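J.: have a look at this prediction, sequence included:
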Amino acid sequence: MSMNTQGRPTSAGDAGTAFQPKTFTGNRALDMEEPLIFEVGHLDVTGVDLDEPEGFEPQLGTHARADELDLPGLAEPEAMRHYVRLSRNNYAIDAGLYPLGSCTMKHNPRLNEKMARLPGFSDIHPLQPLSTVKGGVELIDELAHWLMVMTGTSAVAMSPKAGAHGELCGMMAIKAAHTAAGRDPKIVLVPESAHGTNPATAALLGYKVVSIDAKDDGTVDFDGLKATIAEHEGNIAGIMLTNPNTCGLFERDIIEIAEAIHAADAYFYCDGANFNAIVGKARPGDLGVDAMHINLHKTFSTPHGGGGPGSGPVVLSDRLAPFAPLPFLRKGENGPELVETTAEVEDGEKPFGRMTAFHGQMGMYVRALSYMLSHGSDGMRQASEDAVLNANYVRVGLQDLMTLPFGERPCMHEVLFDDSFLKDTGVTTLDFAKAMIDEGYHPMTMYFPLVVHGAMLIEPTESESRASLDLFVATMRDLVMSAKRGETERFSGAPYLSPRRRLDETLAARKPVLKWTAPEPADVTPVAAE
Ligand SMILES: *Cc1c(COP(=O)(O)O)cnc(C)c1O
């Protein structure tokens, strides 16, 4: 009988026979098939126990709906089961280690959730009179204060709703500053290893993106940067640089880079998505950064992925502070005041416009402040240190078998491998990632950053225990050795054990099925007695 890594016997199949029952329902124990909600629900069923109102007269005139709306109706237990079953097919940070580099999938303390659900925060409506939400405004002000303290900056735009939205906000502030100074530079410099959102942001604002090469050690080529600045003198709006960069390395020339950019009358935008590696250790403002977004959902732990929620406040240097968008907070005699319109703007305040209809993501502000206050400055510094320690623990555990493109130097919060260790094994990079799914892991970030061939970017985060990291390292070593032994079958058809296997992504992209048609109802006729 074989044992699993917890020292317990593995499946009954292993213990005795390889028999696999063919089930009547098609389910495999906890692995249950779930139809679409449209296939479960019926219009005549509802989860609400209210009678149809009598004599109801819609006031929509000719716009009133004439036909039944074809939406599914479900009783409460049916609705619960539908979503619970679907959720069991999801991988989540609450289910296991989630090594997706650059995304910072770390534990979200439940205390934050508890605070965000306090009715005084969760029931606020954005159109409520200000006098009734003073506590909420004060919370935003306090969070803004700590963001400025941690980054060594003097202003922060709170409203952007994601990292990419924050990039747009910061770059719009930079554009407004150039315009105010009577300049109209056309170029934004972006290093090769940048996150795709950086060049996309610059392009969206009409800038031409000029790429900066990386050196062999994975950091920005400072001499190349200086040459590019000289070549485009007077026409550079700014640089968008990530630090620690997307290879998981600290840009050691960052202060010289900032000075060179400032000397060219340009601004330094820092992509702060990796701030979780340096909180409490370095302040971006001290490094010469003019604008940086902070992904509250990454660094300050809000559950994220699947498109939301996100929150990307942007801290701004003195030079950019006047251009911060509406709405913003101003110190008033009786605490913070919310400035919402250009009519309320005072001398020296030149907001470039506004990014969102209201004030941002209240629930995430509460979670972020709760995270900060419960950790304290020492706790946050330790979280950064542990994130870096854990990434290096994984690096050292794997560097003799997997390949490090930039040599065996310490990394920051994530470790970047390339796929040269798979050369001549017959196992592709994608196969390798899919085999991790059978082992119960979400794959690491694949094929990003683009600067190395077949990138595999692993970010374990500080929330993993040593035991969890040991199991992950041992699993990865087992997979690598298996690939090197030529056991290609384990990889080529993987995942074998997930509810869905390899989907035909090309077919899905070329011939998407965009219209749902009701399937034949399932045959649930009881088998007859024989
Ligand atoms: C996540 C990330 C972004 C974008 O943040 P979103 O909140 O997803 O818009 C930008 N840059 C880097 C380096 C990131 O990791």
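T.: On my side now, so go ahead. Keep in mind that what you see is a predicted model, and the values were worked out from it rather than measured.
J.: shouldn't Leu416 be within a strand?
T.: Yes. Applying DSSP: H, G, I helix; E, B strand; the rest coil, one finds Leu416 inside a strand.
J.: the protein against the ligand: which residues are in contact?
T.: With CB under 6 Å from any ligand atom as the criterion, the chain comes near the ligand at residues 102, 162-164, 195, 197, 242, 246, 271, 273, 295, 310, 312. In short, each C-beta sits where N, CA and C put it, glycine included.
J.: kindly recompute the last result at 8 Å.
T.: For the chain, the contact set with the ligand under CB under 8 Å from any ligand atom comprises 102-104, 162-167, 194-195, 197-198, 242, 246, 271, 273-274, 293, 295, 297-298, 304, 310, 312.
J.: take those residues and keep only those in strands.
T.: Judged by DSSP state E, strands contain the following of the residues of the chain next to the ligand: Thr242, Asp271, His293.
J.: once you drop chain neighbours, what's closest to the last one?
T.: Nearest residue to His293 in three dimensions, chain neighbours excluded: Gly166, at 2.7 Å (CB to CB, 6 or more residues apart in numbering).
J.: smallest gap between this structure and the ligand, at which residue?
T.: Gly163 (2.3 Å; CB to the nearest ligand atom).
J.: surely that residue is in contact with Thr197?
T.: Yes. At 6.7 Å, Gly163 counts as touching Thr197 under the criterion of CB atoms under 8 Å.
J.: give me the common contacts of these two.
T.: Common neighbours of Gly163 and Thr197 (criterion: CB atoms under 8 Å, 6 or more residues apart in numbering): Asp271.
J.: comparing these two, which shows the higher neighbour count?
T.: Using other CB atoms under 10 Å, the more surrounded residue of Gly163 and Thr197 is Gly163, with 24 against 20.
J.: give me the pLDDT for the more buried one.
T.: For Gly163, the pLDDT comes out at 95.
J.: so what's it up against?
T.: Thr197, Asp271, Gly272, Ala273, His293, Asn295, Lys298, Gly310, Gly312.
J.: let's see 6 Å
T.: Remark: with contacts taken as CB atoms under 6 Å, 6 or more residues apart in numbering, Gly163 is in contact with Ala273, His293, Asn295, Gly312.
J.: then Gly170?
T.: Per CB under 6 Å, 6+ apart, neighbours of Gly170: Tyr269, Ala291, Val314.
J.: of those, which belong to strands?
T.: In this view, the contacts of Gly170 that belong to strands under DSSP E are Tyr269, Ala291, Val314.
J.: excluding residues flanking it in the chain, which one is nearest the second one?
T.: The one in question is Ala291. Gly170 (3.5 Å).
J.: would that neighbour count as being in a strand?
T.: No. Read with three-state DSSP, Gly170 is helix and lies in no strand.
J.: mind checking pLDDT for the residue nearest the centre of the chain?
T.: By CA atoms, centre = their mean, the chain has its centre lying nearest to Cys103, at 4.4 Å. pLDDT for Cys103: 94.
J.: which residues touch Ala266?
T.: Contacts here follow CB under 6 Å, 6+ apart; on that basis Ala266 touches Ile236, Ala237, Gly238.
J.: can I get those in TSV with pLDDT, neighbour count and secondary structure?
T.: Formatted as TSV, those follow (pLDDT from 0 to 100; neighbours: other CB atoms under 10 Å; DSSP: H, G, I helix; E, B strand; the rest coil):
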residue	pLDDT	neighbour count	secondary structure
Ile236	98	22	strand
Ala237	98	26	strand
Gly238	98	28	strand
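J.: can I get these in JSON lines including distance to Glu462?
T.: Compiled in JSON lines, the contacts of Ala266 are given as follows (distance: CB to CB, whole Å):
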{"residue": "Ile236", "distance to Glu462": "37"}
{"residue": "Ala237", "distance to Glu462": "36"}
{"residue": "Gly238", "distance to Glu462": "32"}
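J.: what's the closest of the residues you listed to Ala203?
T.: Ala237 (12.4 Å; CB to CB).
J.: redo the contacts of Gly163 as CSV? Include neighbour count and pLDDT.
T.: Formatted as CSV, the contacts of Gly163 follow (neighbours: other CB atoms under 10 Å; pLDDT from 0 to 100):
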residue, neighbour count, pLDDT
Ala273, 26, 95
His293, 29, 98
Asn295, 25, 97
Gly312, 30, 96
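J.: need the helices for the stretch 51-200 of the chain, in chain order.
T.: Listed in chain order, the helices of the stretch 51-200 of the chain (DSSP state H, counting those that start in this stretch) span 76-87, 110-116, 119-122, 134-151, 163-180, 197-204.
J.: between the fifth one and helix 197-204, how big is the angle?
T.: The directions of helix 163-180 and helix 197-204 differ by 40 degrees, with axes from the mean of the first three to the mean of the last three CA atoms, to 10 degrees as the criterion.
J.: buried residues in helix 163-180?
T.: For helix 163-180, burial by neighbour count (16 or more other CB atoms under 10 Å) applies to 163-178.
J.: then the second one?
T.: By 16+ other CB under 10 Å, the buried positions in helix 110-116 come out as Asn112, Met115, Ala116.
J.: for those residues, give me CSV that also has pLDDT.
T.: Compiled in CSV, the buried residues of helix 110-116 are given as follows (pLDDT from 0 to 100):
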residue, pLDDT
Asn112, 96
Met115, 97
Ala116, 95
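J.: pLDDT score for the residue nearest to Ala291?
T.: Per-residue pLDDT puts Gly170 at 98.
J.: quick check: which ranges of the chain have low pLDDT?
T.: Scanning the chain for pLDDT under 70 picks out 1, 9-17, 306-308.
J.: chain center to the helix or strand hosting Glu385, what's the gap?
T.: Using DSSP states H and E, the secondary-structure element containing Glu385 is helix 362-398. Centroid displacement of helix 362-398 relative to its chain, using CA atoms, centre = their mean, to the nearest Å, is 15 Å.
J.: list the helices and strands it packs on?
T.: Helix 362-398 sits against helix 110-116, helix 134-151, strand 415-417, helix 466-484, with contacts defined as 3 or more CB pairs under 6 Å, 6 or more residues apart in numbering; DSSP states H and E.
J.: which residues are in contact with the longest one?
T.: What it means is helix 466-484. Contacts with helix 466-484, where a contact means CB under 6 Å, 6+ apart, come from Thr5, Leu97, Tyr393, Gly397, Leu398, Leu401, Thr425, Val427, Ala435, Glu439, Arg490.
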